[in-house]
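Visitor: could you work out the structure for the sequence below:
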Amino acid sequence: MSIELFLPDATSRSYPDGTTGTEVAESIGPRLAAAAVAISLNGQLLDLSRPLPSGGLVSIITESSEEGRQVLRHSTAHVLAQAVLSLFPGAHFAIGPAIEDGFYYDFDVGRPFTPDDVAAIQERMSDLIGDDQPFERQEVGKDEALAIFADQPFKKEIIDAVDPTEISGEGEVTLYRNDGFIDLCRGPHVPSTGRIKAFRLTRTAGAYWRGDEQRPQLQRIYGTAWESRAALDAYLQRLEEAERRDHRRLGPELDLFSFPRELGSGLAVWHPKGGLVRKVIEDYSRRVHLAHGYHIVVSPHVARSQLWKTSGHLNFYVEGMYPAIDLDEGDTYFVKPMNCPFHILIFRARPRSYRELPLRLYELGTVYRYERSGVLHGLLRMRGFTQDDSHIFCRRGQLADELLNLLEFTLMVLRDFGFEEFEADVSTRNPDKWMGALDMWEEATEALTDALAKAGLNYRIAEGEAAFYGPKIDVHIKDAIGRRWQLTTLQVDFAQPENFVLDYAEAGNRKERPVMIHRALFGSVERFFGILVEHYAGAFPMWLAPVQVSIIPVADRHLDYARRVGESVTEVDLRAEVVDSDETVGEKIRAALTMKHPAVLVVGDKDVEQETVGFRWYGEDREQRGVALQQAVELLVDAARAPQ
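Guide: All right, here's what the predicted structure looks like:
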């Protein structure tokens, strides 16, 4: 008996039954076999040592591919658990997945890990990797698995839950062994620990079991693993650069915003400079929305509980909402976690005709969500934030065109802010949890993928990951150092028009239900601001910078002329700052550059006599001397021109 395998180059080969992934890789070539860490058979990743259960489409997963790195990191997480359990007798281990660029594992060792602990764990991991212990896959029944992990409560909970994402099929529990250590895992793994060529433990943190604050707090160790020392070193350099760009550090340093403890977690105050940049962003947003057929609306920050019952938030989202506010006459109010119900009420405020559709409503609306403290992260994940929220009501036949227009509009805006690399995820119907008509789901999903194809975006299908009320696109950007950020969501919604019994009059006065699209382009203004700070490392493009020009007199006798220069600059609507401190001119220049002001003008004796300035751009080492004031102003105006 033999099996037929179809390779990525469209050729096919026959192999005897029992052929392993390793043997397939070796038959193709020794270099491929040396780089292989797993094999994909009909889309399923398998261990190289595992006999292939059938024929089909195959590809060899190499260590430098993204899938290969995930396998490598998952295997390294197992070695981490093995090291911790050998160094901390009685430790309980929970879960250890691969994540983007790394992995983590959660433990209960009775106390936080210290830096010395982490160093010892890393050393022990190096020893285990040096032993080149093979990973051996084993399938056992549920009862046997429970006996194996009798002293590990978190593993027992996973097994009892029979969660198909954590154990594999038909009542069998998949385990992996290496040198006496055993863990619960679906796999696959690299053939042996010696295939882990470069790793580093990066940090520790507390984490609640299952993300639930009512459950035990565990100690999480994060790490990263790569296919080579060079790849690891490059990643660690990116980490250093990311730390240098961290908006939580740059925000206070550049006097943009802060997080006073008195406010509580997940809340920020905006300083004058940050408030000014935010105003520029919001003014841009209003301008482009008005220019593209949107109507600006405004809604209150609170609403009666009945609104949230109708919308379904009290049934499906109450844990993410702030507690109820009980007022007179027994009315209960909630601060809003979302803007969509208010926009629905605006649509429903009067009869609508098909001639009005698509109707595009837009609001910079502040919302409040009770995010768990463990997921809060500066401006990127907050409890109070403002969304550039749009809701589009359209006819079914308009959906495809409207989604394409929305995507093109989104990419235009993101490009205006300096982003050029985009990817997307399309979340499709969960067959066990959906509402509406099947043909509408298929139509909407096809419209989403067609829009992405026409826009030339690479996208991934996230099968079954859509919310019950409709499919969606998530647009991701890449920043200046290659990090991927999720920003814009385009969400088709079949549920809310039903919940609120929305309709419009077609020709002949026939009533029809509109289709609704949710769209938050920035995600939130705060999140977008934080990403911009990190993308530009705080050195905003000139049109966004809070102070566009610093004007520095060499001595006090030049101050009057410096102020006249400042007036010339502000007369053309540039944001200027005349520095009149007692510091030396060198200190003033360094201060302006430290604050990342785009342009610095220095004025001295000759400049006063000849009406010139010394001109320096941020990031350039040399100053141009004797630039005519009018020429300098023209240069600044050109550089500060906002996207049109």
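Visitor: quickly list the domain ranges of this protein.
Guide: 2-62, 67-243, 272-301+336-535, 549-639 (automatic domain parsing).
Visitor: quick one: mean pLDDT over the second one.
Guide: Spelled out, it's domain 67-243. Domain 67-243 carries an average pLDDT of 92.
Visitor: would you mind measuring the gap between the ends of it?
Guide: With Cα to Cα, to the nearest Å as the measure, domain 67-243 spans 26 Å from end to end.
Visitor: do the shortest one as well
Guide: For domain 2-62, the first-to-last residue distance is 25 Å (Cα to Cα).
Visitor: so how far is that domain off the chain centroid?
Guide: Offset of domain 2-62 from its chain centre (Cα atoms, centre = their mean, to the nearest Å): 34 Å.
Visitor: now the helices for the stretch 251-400 of the chain?
Guide: For the stretch 251-400 of the chain, applying DSSP state H, counting those that start in this stretch gives helices covering 272-291, 305-311, 313-316, 340-348, 399-416.
Visitor: rank those by pLDDT, which is bottom?
Guide: With a mean of 85, helix 313-316 has the lowest mean pLDDT of these.
Visitor: what comes up buried for that one?
Guide: Neighbour counts over helix 313-316 (16 or more other Cβ atoms under 10 Å) mark His313, Leu314 as buried. (Glycine included, C-beta is placed from N, CA and C.)
Visitor: same check on stretch 571-581?
Guide: Leu574, Arg575, Ala576, Glu577, Val578, Val579.
Visitor: beta partners for the fifth one?
Guide: Just to be clear, that refers to Val578. Going by DSSP bridges, Val578 is paired in beta bridges with Ile551.
Visitor: number the chain from 13, please
Guide: Yes, from this point I'll number from 13; that puts the last item at Val590.
Visitor: so which of the helices of the stretch 263-412 of the chain is the most packed in?
Guide: Most buried of the helices of the stretch 263-412 of the chain by mean neighbour count (mean count of other Cβ atoms under 10 Å) is helix 352-360; its value is a mean of 20.
Visitor: by contact count, what packs against it?
Guide: helix 317-323, strand 371-380, strand 396-406, helix 507-511 (3 or more Cβ pairs under 8 Å, 6 or more residues apart in numbering; DSSP states H and E).
Visitor: just the CA trace of the shortest one, in CSV.
Guide: As requested, the backbone C-alpha atoms of helix 507-511 are provided in CSV (Å, rounded to 0.1, in the frame of the first residue of the first chain):
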residue,chain,number,x,y,z
ALA,A,507,-28.6,41.9,14.4
GLN,A,508,-29.1,45.5,15.5
PRO,A,509,-31.5,46.4,12.7
GLU,A,510,-33.6,43.5,13.9
ASN,A,511,-33.3,44.4,17.6
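Visitor: by contact count, what packs against it?
Guide: helix 317-323, helix 352-360, strand 527-532.
Visitor: surely Gly33 meets Leu60?
Guide: Yes - using Cβ atoms under 8 Å, Gly33 is in contact with Leu60, at 4.0 Å.
Visitor: common neighbours of these two, please.
Guide: Taking Cβ atoms under 8 Å, 6 or more residues apart in numbering as the criterion, Gly33 and Leu60 both touch Ala48, Ala50, Ile51.
Visitor: for these, which single residue is the most surrounded?
Guide: Compared across those, Ala50 has the highest neighbour count, 29 neighbours, by other Cβ atoms under 10 Å.
Visitor: list the contacts of it.
Guide: By Cβ under 8 Å, 6+ apart, the residues touching Ala50 are Gly33, Leu57, Leu58, Asp59, Leu60, Ile73, Glu79, Gly80, Val83, Pro200, Val202.
Visitor: neighbours around the second one, how many?
Guide: So the one you mean is Leu57. Number of residues near Leu57 (other Cβ under 10 Å) recorded here: 19.
Visitor: these two touch, right, Ser39 and Ser26?
Guide: No - using Cβ under 8 Å, Ser39 is not in contact with Ser26; the gap is 10.8 Å.
Visitor: just to revisit the earlier point, closest one to Tyr630 among the helices and strands packed on helix 507-511?
Guide: Closest to Tyr630 of the helices and strands packed on helix 507-511 is strand 527-532 (Cβ to Cβ; 31.8 Å).
Visitor: list the strands paired with that closest one, with their directions.
Guide: strand 396-406 (antiparallel), strand 496-505 (antiparallel).
Visitor: could I get the helix or strand harbouring Lys168 in CSV with only the CA atoms?
Guide: Secondary structure from DSSP states H and E places Lys168 in helix 165-173. The C-alpha trace of helix 165-173 is given here as CSV (Å, rounded to 0.1, in the frame of the first residue of the first chain):
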residue,chain,number,x,y,z
PRO,A,165,-4.8,21.1,39.3
PHE,A,166,-4.6,23.4,36.2
LYS,A,167,-3.9,20.4,33.9
LYS,A,168,-6.7,18.5,35.5
GLU,A,169,-9.1,21.4,34.8
ILE,A,170,-8.1,21.5,31.2
ILE,A,171,-8.6,17.8,30.8
ASP,A,172,-12.0,17.9,32.6
ALA,A,173,-13.1,20.7,30.3
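Visitor: name the helices or strands packed onto that helix?
Guide: strand 104-105, helix 154-160, strand 193-196.
Visitor: what residues sit buried inside the second one?
Guide: Neighbour counts over helix 154-160 (16+ other Cβ under 10 Å) mark Ala157, Leu158, Ile160 as buried.
Visitor: distance to Arg569 added to those, as CSV?
Guide: Shown next, in CSV, are these (distance: Cβ to Cβ, whole Å):
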residue, distance to Arg569
Ala157, 84
Leu158, 85
Ile160, 84
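Visitor: nearest to Glu112, of those?
Guide: Ala157 (29.5 Å).
Visitor: just to revisit the earlier point, among the contacts of Ala50, which one sits closest to Ala280?
Guide: Glu79 (38.2 Å).
Visitor: which ones are touching the closest one?
Guide: Glu79 neighbours (Cβ under 8 Å, 6+ apart): Ala50, Ser52, Leu57, Ile73.
Visitor: quick one, strands of the stretch 63-212 of the chain?
Guide: Shown for the stretch 63-212 of the chain, the strands assigned by DSSP state E, counting those that start in this stretch span residues 68-74, 104-105, 110-111, 114-120, 148-153, 184-190, 193-196, 210-220.
Visitor: next, format those strands as JSON lines and append distance to Leu279.
Guide: Output for these, formatted as JSON lines (distance: least, Cβ to Cβ, whole Å):
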{"stretch": "strand 68-74", "distance to Leu279": "44"}
{"stretch": "strand 104-105", "distance to Leu279": "35"}
{"stretch": "strand 110-111", "distance to Leu279": "27"}
{"stretch": "strand 114-120", "distance to Leu279": "27"}
{"stretch": "strand 148-153", "distance to Leu279": "48"}
{"stretch": "strand 184-190", "distance to Leu279": "44"}
{"stretch": "strand 193-196", "distance to Leu279": "39"}
{"stretch": "strand 210-220", "distance to Leu279": "21"}
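Visitor: now mean neighbour count too, for those strands, in a markdown table please.
Guide: Shown next, in a markdown table, are the strands of the stretch 63-212 of the chain (neighbours: other Cβ atoms under 10 Å):
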| stretch | mean neighbour count |
| --- | --- |
| strand 68-74 | 19 |
| strand 104-105 | 22 |
| strand 110-111 | 16 |
| strand 114-120 | 23 |
| strand 148-153 | 14 |
| strand 184-190 | 19 |
| strand 193-196 | 20 |
| strand 210-220 | 18 |
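Visitor: to Gly494, which of the ones you listed lies closest?
Guide: The nearest among these, by Cβ to Cβ, is strand 114-120 at 14.9 Å.
Visitor: next one: Trp446 from Glu477, what distance?
Guide: Distance, Trp446 to Glu477, by Cβ to Cβ, to the nearest Å: 12 Å.
Visitor: what sits in contact with each of those two?
Guide: Joint contacts of Trp446 and Glu477 (Cβ under 8 Å, 6+ apart) do not exist.
Visitor: those two - which one has more neighbours?
Guide: Per other Cβ under 10 Å, whichever of Trp446 and Glu477 has more neighbours is Trp446, with 19 against 15.
Visitor: who's in contact with the residue lying closest to Asp338 once chain neighbours are set aside?
Guide: Sequence neighbours aside, Thr344 is the residue nearest to Asp338 in space, at 5.6 Å (criterion: Cβ to Cβ, 6 or more residues apart in numbering). For Thr344, the contact set (Cβ under 8 Å, 6+ apart) comprises Arg316, Ser317, Ala336, Ile337, Asp338.
Visitor: many thanks, have a good one.
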